[in-house]
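# Next input, structure requested:
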Amino acid sequence: MKKDNNAKPDSILKESKAMVRHSIIYSLGNFMSKSIGFLMIPVYTRFLEPFEYGILELVSLTTEMAGMILTLRISRAMYRFYFEYDNVEDKNQVISTAMISFGMIGILGLILASLSSGFLAEKVLDSSKLYHYFIISFSSLWFGTINQMSFTYLQIRKKSTRYILFSSFRLIISLSLNIYFVVFLKTGVVGILYSNLISSAVMTLILSIPVLLTVGISFSKNKFKEMLKFSLPLIPGGLANFVVLVSDRFIVKEFGSLADAGIYSLSYKFGTLPHVFLTVPFFQIWSVRRFELFKDKSSEEVMGKIITYFVFMLVFLGLGISVLSQDVIKIMANEKFWSAYKYIPILILSYVVFGLFNHFAVPILIQKKTKYLSYIDIGNGIFTVCLNILLIRRYGIYGAAFATLICYTTRIIALYIISNRLQKIYFEFFRVGKIFFSAGIIFTFCYFVNIESLFCSLLIKFAIALLFPLVLYFLSFYNPNELSMVTQIVTERSLKAFWS
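Model prediction:
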């Protein structure tokens, strides 16, 4: 027994190091693939009006919704079924079957979606003359989804160097084309859409086609049926969950204006930063590792503790963004967009809660009970639309932000209750509660810091936010093993730095 107890901290340290190493790599890759919209904020907010920014966001969201149907959620099945087999040929056939099946179905869907572009433009953008915006965006969707499957293959194979290289290239070409179309040609929204299409097509040529040739062009009818059986129950829930994600911006536009939708969309860009740069890359490696270890029951406690560390990092990052957002927006954006800072902390908290989904959903995915995810998301989707209408009509953009927080919270609670009945979930509620409490104390303190100089304000708020780990120390958050692990890591790094 003693030997086992001594082994646990080593197991946690080993897994934590692996998670951190891979998460950093995929975080960089994800930053490069997802940060284009964020890095372009200074350009967009100076060359686009708020209503144009709103148009860009609504076109993108409508296209994503169409993508939920066209992809059949097969990309998620790639993770699950790749590790179902031990034979390399079968593994490769899973990847090839997924890419070929989407490619064929996606072309048909692209044609149907394009035919409805006039109707969508009229309903979403209040002008059928903008139908070509959707045709361009739908074309980008087809290429982009094929590319995403290729990136998923690199993640599964843990080809992190290639992942970074291709992500870097995608970032460079996308930023270059965006700047060329928006700044030099001054083509506005349509230029951004064209740059996305061109960059996606180029990535298909240099990444997706080579990946398909590497795994071999092979289609398995049986594997396709199995993946379809796994994925189809996820589509209704996925669409309902997407409604939760995007309905607020459509309803803000309906009860407000395209300009309001543009301002709220900017706050959303900041609000989702912890999700994009920490949650997504963490679960890119977590998803693979969890399916590798799901048969090892002894790993549950280790994984549960790692999730606590993940929440710590997620809240720490979200706290920093929340306290600095007002000053940062004043530096980055045109004055017309400054009011966006008010909604950012609420949205960040929403996405911190949202980040627990992939941990709580593990029992459902492992036991292939994906219908429960659909039940949860459909119910929550209906609740979200109703709550958005009620709160946005009365409180405007604030109502949208609070509706997001409430709906994500109820979704996570429902998911935990159902998943925990299928398989016991290891989760340190008391310690996670201390994390949120500490962040609340520091955010409240920073809220009352009011300094005219932007530089001084940023510096002081940043320094206060860095006290977060210290506040947790005084709340006895860290256990002796964790303090020992930190001491060991710091000592090792110090020795290496001294002797290098």
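# tally of neighbours for residue 115?
10 (other CB atoms under 10 Å). C-beta here means a position set from N, CA and C on the backbone, and glycine is covered the same way.
# How about residue 333: what's its closest non-neighbour residue?
residue 45 (4.1 Å; CB to CB, 6 or more residues apart in numbering).
# correct me, but the one you found touches residue 335?
No - counting by CB atoms under 8 Å, residue 45 does not reach residue 335; the two are 9.3 Å apart.
# Would you mind measuring from residue 105 to residue 111?
11 Å (CB to CB, to the nearest Å).
# Hmm, I typed the wrong one, I wanted residue 229.
Applying CB to CB to residue 229 and residue 111 gives a distance of 26 Å.
# between residue 45 and residue 335, which one's more packed in?
Under the criterion of other CB under 10 Å, the comparison of residue 45 against residue 335 puts residue 45 first, with 22 against 9.
# In contact with the more buried one, which residues?
Shown in contact with residue 45 (CB atoms under 8 Å, 6 or more residues apart in numbering): 53, 266, 332-334, 336-337.
# and it, what helix or strand is that in?
helix 41-47 (DSSP states H and E).
# in that helix, what's buried?
41, 44-45, 47 (16 or more other CB atoms under 10 Å).
# for this structure, which spans come out with low pLDDT?
Scanning the chain for pLDDT under 70 picks out 1-37, 68-76, 79, 234, 237-238, 241, 284, 287-299, 488-500.
# Break it into its domains for me.
The record's domain split for the chain, according to automatic domain parsing, is 1-34+234-492, 35-232.
# Name the helix or strand for residue 358, please.
helix 357-360.
# chain center to that helix, what's the gap?
13 Å (CA atoms, centre = their mean, to the nearest Å).
# Which strands or helices does it pack on?
If you count contacts as 3 or more CB pairs under 8 Å, 6 or more residues apart in numbering; DSSP states H and E, helix 357-360 packs onto helix 280-293, helix 397-422.
# residues in contact with that helix?
279, 283, 286-287, 307, 411-412, 415-416, 419, 425, 427.
# hmm, try it at 7 Å
283, 286-287, 307, 412, 415-416, 419, 425 (CB atoms under 7 Å, 6 or more residues apart in numbering).
# what does stretch 203-222 give?
By CB under 7 Å, 6+ apart, stretch 203-222 touches 92-93, 95-97, 99-100, 143, 146-147, 150, 153, 166, 170.
# what's the farthest-apart pair in the residues you listed?
Taking CB to CB as the measure, those span a maximum distance of 26.9 Å, between 93 and 170.
# helices or strands next to the helix or strand harbouring residue 168 in the packing?
Residue 168 belongs to helix 160-179 when assigned by DSSP H and E. Of the remaining helices and strands, those touching helix 160-179 by 3 or more CB pairs under 7 Å, 6 or more residues apart in numbering; DSSP states H and E are helix 2-34, helix 36-39, helix 131-156, helix 188-203.
# which SS class is residue 450?
coil (DSSP: H, G, I helix; E, B strand; the rest coil).
# I'd like to know how many residues surround it.
Quick note: residue 450 (other CB under 10 Å) scores 6 neighbours.
# how near is it to residue 487?
Counting by CB to CB - residue 450 and residue 487 are separated by 39 Å.
# Please apply the same query to residue 452.
42 Å.
# of these two, who's got more company?
Using other CB under 10 Å as the criterion, residue 452 and residue 487 rank with residue 487 on top: 10 against 6.
# Quick check: next helix or strand after the helix holding residue 358?
helix 362-366.
# Mind listing what's buried along the next helix or strand along the chain from that next one?
Toward the C-terminus, helix 362-366 is succeeded by helix 371-395 as the next helix or strand (DSSP H and E). Going by neighbour count (16+ other CB under 10 Å), the buried part of helix 371-395 is 372-378, 380-381, 383-385, 387-389, 391-392.
# What of stretch 430-440?
431-432, 434-435, 438-439.
# With distance to residue 62 and neighbour count as extra columns, can I get the contacts of stretch 203-222 in a markdown table?
Rendered in a markdown table, the data for the contacts of stretch 203-222 read as follows (distance: CB to CB, whole Å; neighbours: other CB atoms under 10 Å):
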| residue | distance to residue 62 | neighbour count |
| --- | --- | --- |
| 92 | 35 | 17 |
| 93 | 34 | 22 |
| 95 | 29 | 24 |
| 96 | 30 | 22 |
| 97 | 29 | 25 |
| 99 | 25 | 26 |
| 100 | 27 | 16 |
| 143 | 17 | 21 |
| 146 | 20 | 22 |
| 147 | 20 | 23 |
| 150 | 24 | 25 |
| 153 | 28 | 27 |
| 166 | 27 | 22 |
| 170 | 23 | 22 |
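# thinking again about what came up before, next helix or strand past the helix holding residue 45?
Immediately after helix 41-47, counting by DSSP H and E, sits helix 50-70.
# Can you give the contact residues for that next one?
44, 105-106, 109, 113, 120, 124-125, 133-134, 137-138, 141, 145, 188-189, 192, 235, 238-239, 242, 246, 249-250, 253, 257-259, 261-263, 265-266, 336-337.
# Whichever of these end up buried, select them in ChimeraX.
Buried subset of the contacts of helix 50-70, written as a ChimeraX selection, criterion 16+ other CB under 10 Å:
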select :44,106,109,113,120,124,125,133,134,137,138,141,145,188,189,192,235,238,239,242,246,249,250,253,258,259,261,262,263,265,266,336,337
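# Can you flag which of the contacts of helix 50-70 belong to helices?
44, 105-106, 109, 113, 120, 124-125, 133-134, 137-138, 141, 145, 188-189, 192, 235, 238-239, 242, 246, 249-250, 253, 258-259, 261-263, 265-266 (DSSP state H).
# does residue 317 sit in a helix or strand, and which one?
Going by DSSP H and E, residue 317 is in helix 300-332.
# Alpha carbons of whichever helix or strand comes after that helix, as CSV, please.
The helix or strand immediately downstream of helix 300-332 is helix 344-354, counting by DSSP H and E. Listed next in CSV are the C-alpha coordinates belonging to helix 344-354 (Å, rounded to 0.1, in the frame of the first residue of the first chain):
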residue,chain,number,x,y,z
ILE,A,344,-16.2,40.0,-21.5
PRO,A,345,-15.9,38.8,-17.8
ILE,A,346,-19.4,37.2,-18.0
LEU,A,347,-18.5,35.4,-21.2
ILE,A,348,-15.1,34.3,-19.9
LEU,A,349,-16.8,32.7,-16.8
SER,A,350,-19.3,31.1,-19.2
TYR,A,351,-16.5,29.4,-21.2
VAL,A,352,-14.6,28.4,-18.0
VAL,A,353,-17.8,26.4,-17.1
PHE,A,354,-18.1,25.2,-20.6
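# So which elements touch helix 344-354?
Using 3+ CB pairs under 7 Å, 6+ apart, helix 344-354 sits against helix 258-271, helix 273-274, helix 300-332, helix 397-422.
# Arrange those in CSV, one row each, with distance to residue 86 as further columns.
Output for those, formatted as CSV (distance: least, CB to CB, whole Å):
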stretch, distance to residue 86
helix 258-271, 42
helix 273-274, 37
helix 300-332, 23
helix 397-422, 26
